[in-house]
Every structure is written in structure tokens, then in C-alpha cells.
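*Asks:* I would like to see how this sequence folds:
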Amino acid sequence: MVRWWWNGDRVVGDEVLRELSLLQSAGIGGVEINPIRFPSDADPMSTRTLTWMSDEWIEVLKVALHGTRERGMICDMIVGSGWPYGGEFLAREDQTQMMALGTRNLTGPAHIRLVRAELLDSISPRFVSPYKDSHKVLFGLALVPSKLSTTAASVRLDDQGSHETIEFDLPAGEHVLYYLVKLTGFMAVINGAPGATGPVLNHYSEAAVARYLDRLSTRLTAKIGPLKNYFRAFFTDSIELEGANWCDDMLAQFHARRGYDLAPWLPFILFKVGEMGNAVSEKYGADFSPAFKAQTELVRYDFEITRHELFHERFVGTFVSWCAKHGVKSRMQAYGMDLDAITAGMMVDIPECETWIRSEKIEAFGSGDYRQGRSYTMINKFVSSAAHLSGKQLISCEEMTNTDDPFHASLERIKVAGDQSMLSGVTQSVLHGFNYSPPEAPFPGWVRYGTYFSERNTWWPYFKLWTDYKARLSALFQQCVMHADIAILPPLADLASQYGFQRDPFPRTVKPPYLYKLWEVVHQNGSGCDYLTEDIIGKSTVSQGRLRFRDRSYKAILLPDVDSLSPSTAKVLKAFVESGGTLLCIGKTPSRAPGLVNHAPESRIVLEAFQSLRTTHPERTPILTIREQDMVNWYQEVQRNFAVEPDVQIGKPADFISQLHYVSGDRDIFFFSNYGPEQTQTFEATFPFKGKIPWLWNPETGERAAYPASSAKSVLTITLGPSETQLIVFEPPFEFAEGSASMSPSKLLPAPTAGALSEQILAGPWALQLLHVDGSTQSRALQTLSDLSQQDDLKSFAGSMIYSNRFGIDRPDQHYVLDLGHLHSITQLEVNGRLIGTRWYGRHTYDLSGVLLPGENRVTIKVISTLGNYMKTLSDNKTARDWTENTPLYPLGLTQAVRLITTRSSR
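*Replies:* Take a look at the predicted model:
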């Protein structure tokens, strides 16, 4: 699918239908209609803006709905426009709320006189998307000594909150005035189109959410009839609420759920916040004693989980119920500061995550920043875990999000990002994105966001090579169950207590720093895993060394630097170990309970449970010391030392090779991927499937072949070059049907270059024809091949480069491979006028068996570049300038000598 941006809602029916046909012909199976603000750097060409949900807008929507149905395409639609929910029509009572913190340092003795308006004005967080008409109320004031050890030392001045001036006598010494300001309507919808701009909705108010959703469905059903007749799902985009944390009954709800009064603690548990609700780094407020700091963290945990509970019930639950009422599915990016990704992801029908392209360059993972080299975000594995735990195989992903370098993105970079996305559990791509842009719009058209998926891109004629590949894998994985018998329980209670829940998928604080790498090394070493929550563990059963939740079961659970657990969780984990399960504690064992009420006795229960386990079952409750600089090999040692058998034993695990194991009936399906920048890896993989036959399935073509294996059929030698994948399927023996799409396995594997008997460099001169996207052409003769981006007159080229040459051979009966190297391009090869094939990722090698003639042979190599280098030179084009100002030049053309290799292999 694609996210289909209706830019500025400047849409007409004929263009809508043209774009649907274009997408369908490119292998796209569905659209998400997404009205959004018009790009500021694009030329609107005097087109008319339609107002979201107006009669005219709905008429164009009808065209789109009938167009998708006629083409057999899926149609989803975002709720509202831009994100989060909101609109200029919202009443003040329905607008988003935040309880914000301010402080003043004061020195006494003195008589203090403060102006209320100045206090209100001082609360002005640096929002990404501020609303122009926010409302502020002074909610509370508390005067405390600068050294604070108890809330009893707080002098409440709340009764002066409505006064124009606040006056009081300050005792001698250093003090801090904490003041709370309630902000209403402080955030504007991000990139909303006309009709859905304005203030953001209060997502913590069930009544407000219901009114917003009902307004949309009432308007639409009156015009088009039942929503289920046209839409698969309605979509909720990013939960980026800029720090919203309040509703009118928050204090009452907190007391009812937690059993005590939040008000005396509230000033001391809130953080001052800035953009997107992230805590500011400045030092402020009183110095807390260690005991008081520990208490505030317990209360902060209680506040954070109360917020989550309310958000799950009032927003997620209301949205899901509204979708069900109208017979459509709920699709949602259900994560962020305000909700738990697993709890909320289990509630929605189609949980969604996101995968980004930050740079065209494919980077190694490395051992530092957990984001380096990764296209999937840290949230993906949480979202797919939520789906697995709730029995869902459809896991969608906002994929190829690109706000850095959209015009350099190659099909290979898209493939690597998509492969990584699938490794994180994704089974459906929603590409980010396709711009509604009429063909007469000046080049490059209307570009709102994302990787440049457009018919005006140089590689668009070859785009279906990737969509077919991805569609086959997605179709397969949506019908299978991902196998996982390892679980990870993150220290979420500790995170919430100390820092508050984070703005996933871009958290400021990661606790512990290696957390998001942990699932990777499990998969890189041949197993599969899910994240868990304490709530899931509490609802699980234990038997025969397994923790069982619905259809999932886990034989080992990792606890990464977990301090705090509820007593009920500790009891289940104790029973799990006692039944034969393995609990791998990294750094420490849990020793305390979260939350303020009954903290001491509940902490004793947790501490004693783990002390008992360490005494009675030390072999199954080890305390591990992690090696953050060598996690892949560290986890391999953990597997060996504690008998944690993987699904497949990988002989040489590496951080650029990973795998997934899916199960479908009697089939065991393994997806292996190499996402490293240049490395080729050959390794032995030992599978525990006696009596099953391994097959190699080719998702690019749909063909299959028996995999070359040892006599035991359980040990395979796998070679993966850069950006390559293999889909290996183990099946019970059966008679292969005549006429089925089966062939020699060698035809499904890349042309081999290992074991070369000899090689010949194809010498110049090369004839080069340049077909530029701007319509110009030129020809050149080259004595040697080199990177054209290093030539001043060619570095800005974009389009097709056609290289021609001749070479001679004496023995055409030998096995030959033509090797062009690893290129930042797509290539097509013709030999003697015969099309040999197309390469769009990895090493561009071509099998020439049975192709060459004795004597002279003619070779033509067509190289298709990306647009990025050219876009950098369009100084008068504002769109090009804005998107490429800080991007590098990338290699262009055939950048190294072309080799004709004679190998030992024969086909």
C-alpha cells in the first residue's frame, strides 16, 4: 500500500483515477487516503483547495472509493488530516490539556508579590506545533525550602491562584515556588489540510473523542452510505501530543485507581517539558533528599500508569469501538508517551509501526548508537510482539519514511529497509508515500514527504521488481505465525519512575542503553523473541518450563537491568523457573516493587522471590554481565552456557545477518537477510528438521527449487552477498506436481564469482550514450571506466547511461559470469542483442552460460541512476534545493572495471 497524500486537498476526480491506475500498474495493492497541508515549496498552479469533509471534497472521495473498488484495491483513510486528531471546529472543552510546571527561586526573609499574568506567560514550552489561541489557568502553587525531604514542608498557596497578584511572606533562607499551569488548546494539528487544522483534541476525554469520531462518520455515512462498503480500515497516525497529560477528572481518577491523593505530590513529579513533550535538561527546583526522591519516583510511576490506563480506555478503546460499530478495522500507530505499545497494539485490529530511510548509504550496525544502520525504529519489535500476542498476522508499517534524502533513495536502499522491516515482524508495507501531484506540475511535482515514489523518478519503470518481491513475502508471512520461544521483559516500571514514559519511537532516554539491540542478537543467533509486559505475564500460565499466553509459549525470559516488578509478576516468574524455565537476569535481579501504596511489604515479596530462586535454582537464574561492544557473540555464549537451543544453529553469527522463523502447518519457513553495506557471509546453518526437505523459494519470481543440502537434510551452507535474502522452506516429502514452477537451485542463486579459473577485464574503448531525464542526450568514448560523479560536467547527471563494448572468447562452452561490481544503480544487460536480465541490488553479476558465441561478442549495459545528484544542481527549483541542500553526491555509472570471470561451476 501507499500513504496517498492529498496535498492541500487540491484534488479532482480525473487525476485521482489516473493515479490509482498508475499505482496499480506498479504493483501497489491499496491506498491510505491522507489529506495533508500543501507543500510550501510547491507550485499550486491556481488549483482550487477543497475543504475537508465539505460536499465537494466528499464528491472527490467518492471517485476515489469507486476507483479503488473497481480496481480491486484496498482503501483505508486517516481520521482527520495531519496528526494528531483535531480541527478548528473543536469546542474549548474538547481541546487538548497539559499540566505544566514552573519554578521560581526565592530568598527570604521578604514579602513576595507576584503578578499572576507573568507566571502564566512564563509557561511557554517550545512546541513544534503551537496553537495560537491557547488558554492558561494557574492551577496550583506550593512554596518549599530549597532542601526538600517531605511534602509536609510544602506551603500551599492554591487559594491565591485566581488573584491578579499573589502575595505572601517568605521566611528566611532559600526557597522554591512551584506553580502549576493548566494549558488548554496549546497544540495545533501538524500539517492539517483546510477544514482539519486548528487545536488538537483532548485524547484523554472519552466524550471528546466520541464527538470527534461521530462527527466524521455522521457526515460521511449521510453522503456515501455504510463505511464498511468502501473502507478496509480507518487510521490513526502518530500519537505526538507535545506533552498532553491532563483531563478534567484526572485527580479523581488517580485517587480511585491508586488509592491516595495526587495533588500534594504533583508539583514534584512533573518535569518541565519542551518540544514533543520531552523533558528539558536544565536544572531547576529544590534539591530532594534521597528518600524523598525515591518517593517521588514511586508517585511518578503511579501517575504515568494512570495516564496510560485512561488513554487506553478513552482514546484507543473509543476508536476501536467506533471502527467496529461501522464495520471497518482499526489501524493505528499505537505508541508514544501516552500509551503502552503492547497493550494498545493488542487492542487495535491492525497495529502499525514505522521504518525510516535516513541516508542512501547502507551503514553497518556497529556497537554504539542503537539507531545506527537500522531502518526499522525501536518500536517495530514492540508492535509486532503485540500482534503476535493477540493472534494477528497483519502488521502494517509506515515504510520508507524519508525526511533527509528522498531523491537519492535507490531500489537497493528501499529493499534493505524493507528487508529490515520484515525482520522486525512487519507483514505489510504502507509506503511513505505517494504524492497527489498532477503531471503538469513543475518537476519534481508536489512533494510533501517521504521517499520519492513517483512516475517521474528514474527507477519507476523498474519499481515493480521490488513491489512483486515484497508482495510475495508479505502474502506468505500474513498466512503464517512467527515462531518465538524467547521473551524480553523491559524495565518499564523503572523507566516510568525515573524519567517518565518516552516519546517512542524516538526516545530521549533508553533504559538500559542496549535494550533495543537485545532482540536483534536473539534473532542473529537463530532464535525468535517477543517483548512482554507485566500484564501479559500476570495473565499467563506456567507448565513444563514454559510461560504460556494464548498460543505463545516461552522457554527463556530475559530481564535486562530490571529493578522493579510487581509482586504478582515475581510470583509467576518464580513458578516459571520452578517448572523448568530459564530466567536470564542481566546486570541484577529485581529487588523492589513500583508504586507508593504498600511499597515496603510488596518490595519484600519481590526481593524474597528472587533470593529464593537464586538459592534453589541458580543454574536457571543466572546474573549475566553483558558485553555491549560484542553482543552477538555474547548471546551465542549465553545460548551454549544455559542450554537455550535456537531454532537454527548459525555457525558464524554476525550483526549484519539475521533471520525469521515462521510456521504454517507442516512448513517451517526461514527468511535470512544480509543488510550489511558490503560484506558477503558464508555460514553453516543446522536445522532440527529430520525428514523434511529444504526448498529455496524465490520471492522475486515465485519459483522454487530443492536446496542443496547434506545427506541429513539438516545442514545447509548459506552464502549471502550484500543486500541479499534467502527464503528457505522445510516441507514433508511429497511428489512434486508436473508443471509446477520448479527449477535448478543454481538458477535461483546469484551468479557465483568464487572459485574463478580466470578473469578478463573488458578493456576500452567503451561507447557511452547519456539519456538525461531533462530530455537531453550526448555520446562519449571512454578508455577506462570510472565514477562519473567525479567529473565536473557529469556529476549532476540523472537518467540512463548506456555502455557498449565488444570482447572475444575462445571457448563458449565454459561457464562465464559478468561482474559489474556493487553499484548505486539499476543495470540491464544485453549480449549479442539478447536481454540477459536486470540487477537492482547487491553485486551486479550476470550468468552468461550458453549465451556467448565463439569469437567476438557485443555487450550493452544500461545503467539507471537515481535523481539525487541532478536535484542538487537545480538551484532555481525550491523543492530540489530544500530537499538536497545537505545531501552528498553518490557514485554514478559503471564505477569500476567490468570483469568476465570463468568459474569452475557449470550449468
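*Asks:* what sits against the closest residue to Ile362 other than its chain neighbours?
*Replies:* Excluding the flanking residues, the one nearest Ile362 by C-beta to C-beta, 6 or more residues apart in numbering is Pro677, at 4.4 Å. From N, CA and C alone the C-beta is placed, and that goes for glycine too. Residues near Pro677 by C-beta atoms under 8 Å, 6 or more residues apart in numbering: Lys361, Ile362, Glu363, Ala364, Phe656, Pro722.
*Asks:* Kindly confirm my reading that Pro677 is in a helix.
*Replies:* No. Pro677: not assigned to a helix; according to DSSP: H, G, I helix; E, B strand; the rest coil it is coil.
*Asks:* So for it, what pLDDT did the model give?
*Replies:* Note for Pro677: predicted pLDDT of 86.
*Asks:* ok, back up a step: farthest-separated two in the contacts of Pro677?
*Replies:* Spatially, the most separated pair among these is Lys361 and Phe656, at 14.3 Å (C-beta to C-beta).
*Asks:* what about the helices in the stretch 651-800 of the chain?
*Replies:* For the stretch 651-800 of the chain, the helices defined by DSSP state H, counting those that start in this stretch cover 745-748.
*Asks:* can you list the weak-confidence ranges in it?
*Replies:* 709-713, 735-756 (pLDDT under 70).
*Asks:* now the strands for it?
*Replies:* 657-664, 667-674, 681-686, 693-697, 704-706, 715-720, 725-731, 756-761, 766-772, 777-782, 799-809 (DSSP state E, counting those that start in this stretch).
*Asks:* Send me the longest one as PDB with only the CA atoms.
*Replies:* By that I understand strand 799-809. Output in PDB follows, covering the C-alpha atoms of strand 799-809 (Å, rounded to 0.1, in the frame of the first residue of the first chain):
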ATOM      1  CA  GLY A 799      18.800   9.200 -16.300                       C
ATOM      2  CA  SER A 800      20.100   6.200 -18.300                       C
ATOM      3  CA  MET A 801      23.800   5.600 -19.200                       C
ATOM      4  CA  ILE A 802      24.200   3.000 -22.000                       C
ATOM      5  CA  TYR A 803      27.700   1.500 -22.200                       C
ATOM      6  CA  SER A 804      28.600  -0.600 -25.300                       C
ATOM      7  CA  ASN A 805      31.700  -2.700 -26.000                       C
ATOM      8  CA  ARG A 806      32.900  -5.900 -27.700                       C
ATOM      9  CA  PHE A 807      35.100  -8.700 -26.500                       C
ATOM     10  CA  GLY A 808      36.200 -12.100 -27.700                       C
ATOM     11  CA  ILE A 809      36.300 -15.600 -26.200                       C
END
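*Asks:* Contacts for it, please.
*Replies:* 458, 760, 762, 764-773, 782, 785, 788, 816, 852, 854-865, 892-894, 898, 900.
*Asks:* List the buried residues of stretch 48-65.
*Replies:* With burial defined by 16 or more other C-beta atoms under 10 Å, the residues of stretch 48-65 counted as buried are Thr49, Leu50, Trp52, Met53, Trp57, Ile58, Val60, Leu61, Val63, Ala64, Leu65.
*Asks:* want to try TSV for these, with distance to Tyr179 as columns?
*Replies:* Putting those into TSV (distance: C-beta to C-beta, whole Å) gives the following:
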residue	distance to Tyr179
Thr49	43
Leu50	45
Trp52	39
Met53	40
Trp57	45
Ile58	47
Val60	49
Leu61	47
Val63	54
Ala64	50
Leu65	51
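*Asks:* Turn these into CSV, including secondary structure, pLDDT and distance to Tyr841.
*Replies:* Written out in CSV, the entries for the buried residues of stretch 48-65 read as follows (DSSP: H, G, I helix; E, B strand; the rest coil; pLDDT from 0 to 100; distance: C-beta to C-beta, whole Å):
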residue, secondary structure, pLDDT, distance to Tyr841
Thr49, coil, 97, 40
Leu50, coil, 98, 41
Trp52, coil, 97, 40
Met53, coil, 97, 43
Trp57, helix, 98, 41
Ile58, helix, 98, 42
Val60, helix, 98, 38
Leu61, helix, 98, 38
Val63, helix, 98, 37
Ala64, helix, 98, 33
Leu65, helix, 98, 36
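*Asks:* still on that earlier bit, including distance to Pro567, could the strands of the stretch 651-800 of the chain go into CSV?
*Replies:* Output for the strands of the stretch 651-800 of the chain, formatted as CSV (distance: least, C-beta to C-beta, whole Å):
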stretch, distance to Pro567
strand 657-664, 35
strand 667-674, 39
strand 681-686, 42
strand 693-697, 47
strand 704-706, 52
strand 715-720, 46
strand 725-731, 43
strand 756-761, 65
strand 766-772, 70
strand 777-782, 74
strand 799-809, 67
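*Asks:* and these as CSV, adding distance to Glu398 and mean neighbour count?
*Replies:* Below are those laid out as CSV (distance: least, C-beta to C-beta, whole Å; neighbours: other C-beta atoms under 10 Å):
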stretch, distance to Glu398, mean neighbour count
strand 657-664, 20, 20
strand 667-674, 20, 22
strand 681-686, 30, 16
strand 693-697, 27, 20
strand 704-706, 32, 18
strand 715-720, 27, 18
strand 725-731, 22, 21
strand 756-761, 44, 13
strand 766-772, 33, 17
strand 777-782, 39, 12
strand 799-809, 30, 17
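*Asks:* So for Phe642, which of those strands sits nearest?
*Replies:* The nearest among the strands of the stretch 651-800 of the chain, by C-beta to C-beta, is strand 681-686 at 18.9 Å.
*Asks:* circling back to that earlier point, among the contacts of Pro677, the buried ones, what's the ChimeraX command?
*Replies:* What follows is the ChimeraX syntax for the buried subset of the contacts of Pro677, where burial is set by 16+ other C-beta under 10 Å:
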select :362,656,722
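*Asks:* Just name the closest of the contacts of Pro677 to Asp249, please.
*Replies:* For the contacts of Pro677, the nearest to Asp249 is Glu363 (48.1 Å; C-beta to C-beta).
*Asks:* So the closest one is in contact with Gln372, correct?
*Replies:* Yes. Using C-beta atoms under 8 Å, Glu363 is in contact with Gln372, at 6.1 Å.
*Asks:* quick one on the thing from earlier: okay, the residue nearest to Ile362 and Lys361: tell me how far apart.
*Replies:* 8 Å (C-beta to C-beta, to the nearest Å).
*Asks:* Okay, Pro694 and Gly528: tell me how far apart.
*Replies:* 18 Å.
*Asks:* cool, and Thr403?
*Replies:* Taken as C-beta to C-beta, the span from Thr403 to Gly528 is 32 Å.
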